[in-house]
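**Q** Give me the fold of what follows.
(one chain, ligands or ions: 1)
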Amino acid sequence: MSYNLLKGKRGIIFGALDEHSIAWKTAERVSEEGGSFVLTNAPIAMRMGQINELAKKTNSEVIPADATSIEDLENLVEKSMEILGGKIDFVLHSIGMSVNVRKGNHYTDQNYSFTHKGWDVSAGSFHKVMQVLYKKDAMNEWGSIVALTYMAAQRVFPDYNDMADNKAYLESIARSFGYFFGKDKSVRVNTISQSPTPTTAGQGVKGFDGFIAYADKMSPLGNATAIDCANYTIAMFSDLTKRVTLQNLYNDGGFSNMGVSNEVMDTFMGE
Ligand SMILES: NC(=O)c1ccc[n+]([C@@H]2O[C@H](COP(=O)([O-])OP(=O)(O)OC[C@H]3O[C@@H](n4cnc5c(N)ncnc54)[C@H](O)[C@@H]3O)[C@@H](O)[C@H]2O)c1
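**A** Model (predicted):
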């Protein structure tokens, strides 16, 4: 189904690694809704080459950028405006990585240079992206900026490790920068808090299979899929959500407001 919700709109989509990526599904849906965009990812992710398939399919160009590098981001924003023929209407920040998680370091035994790196990639990059857009006055009025997050920012999920702290910081940046983007440029900034989703980043979390099954049993509508997330993001990029800003929006089948479900209870009940 498509509704032409993004006809004539131009954007930048960060983080499409492979067909499982939430950013990949979002790019496909944006294209179906009539939006045009530049795809970007870290130069190292480009080497896997899959993003070119997506670019071909969606008739878009790819510009490599390490989202922690101001120089790369300035180049990305300038070139995107040239390629797309004007200012930007929507941006998706779909980036996350913890070196401590990758190296198997426990939360209570962090290597702080890994902690800094993971923070810079997962949270600091969101500030950097917005600061470059803001300084270059690159966003159109009533534009929309979305970053993806997870509920470990509010509640304890022990194996989510330092990503929980990175997500809390990311959500705070959305509010703090969202104020200035709203006041000065009439642009909205929100985070979407997504269910566990089987992607490369998701599956990096220890015990992911148990985690995703538990969330599904707890949620009255079941886990939100990557496509559900893409659809929600489309709504947030469209003119139908013009005055929604500074929000952390749950796309999680109801999980965040649950205490316990009958299905989960049943696994603890005797005969
Ligand atoms: N998968 C889940 O369970 C889940 C749940 C909630 C939120 N999220 C969030 O959704 C977002 C997208 O993740 P995903 O699940 O689609 O996984 P993914 O692994 O497909 O995407 C993560 C992306 O981050 C990119 N990236 C890493 N370092 C970068 C850098 N320095 N510069 C630019 N890009 C960089 C990777 O190349 C990759 O494309 C992340 O913010 C993630 O935390 C995921």
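**Q** Can I get the lengthiest strand in the chain in CSV? Just the C-alpha atoms.
**A** If you go by DSSP state E, the chain has its longest strand at strand 139-149. Extracted C-alpha coordinates of strand 139-149, given in CSV (Å, rounded to 0.1, in the frame of the first residue of the first chain):
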residue,chain,number,x,y,z
MET,A,139,16.6,21.6,6.7
ASN,A,140,13.4,22.9,5.1
GLU,A,141,10.7,24.3,7.4
TRP,A,142,8.4,21.5,8.7
GLY,A,143,11.2,19.0,8.1
SER,A,144,11.4,15.9,10.3
ILE,A,145,14.4,14.2,12.0
VAL,A,146,14.0,10.7,13.5
ALA,A,147,16.5,8.5,15.4
LEU,A,148,15.9,4.9,16.4
THR,A,149,16.2,3.9,20.0
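**Q** Per-residue pLDDT of the residue in the stretch 151-271 of the chain that the ligand sits nearest to, please?
**A** The stretch 151-271 of the chain approaches the ligand most closely through Gly202 (2.7 Å), counting by Cβ to the nearest ligand atom. (Each C-beta comes from the backbone N, C-alpha and C, glycine too.) Looking at Gly202, its pLDDT is 88.
**Q** count of neighbours near it?
**A** A count of nearby residues for Gly202, using other Cβ atoms under 10 Å, gives 20.
**Q** about what we covered before: between the next helix-or-strand element following the longest strand of the chain and strand 139-149, what angle do the directions make?
**A** Where DSSP states H and E defines the elements, the next helix or strand beyond strand 139-149 is helix 163-185. Following axes from the mean of the first three to the mean of the last three Cα atoms, to 10 degrees, one obtains 170 degrees for the angle between helix 163-185 and strand 139-149.
**Q** one step back: which neighbouring elements make contact with the longest strand of the chain?
**A** Contacts defined by 3 or more Cβ pairs under 8 Å, 6 or more residues apart in numbering; DSSP states H and E place strand 139-149 against strand 88-93, helix 125-135, helix 163-185, strand 188-194, helix 226-237.
**Q** tell me which strands and helices the last one is in contact with?
**A** Helix 226-237 is packed against helix 22-32, strand 88-93, strand 139-149, strand 188-194, strand 248-251, with contacts defined by 3+ Cβ pairs under 8 Å, 6+ apart.
**Q** Many thanks, have a good one.
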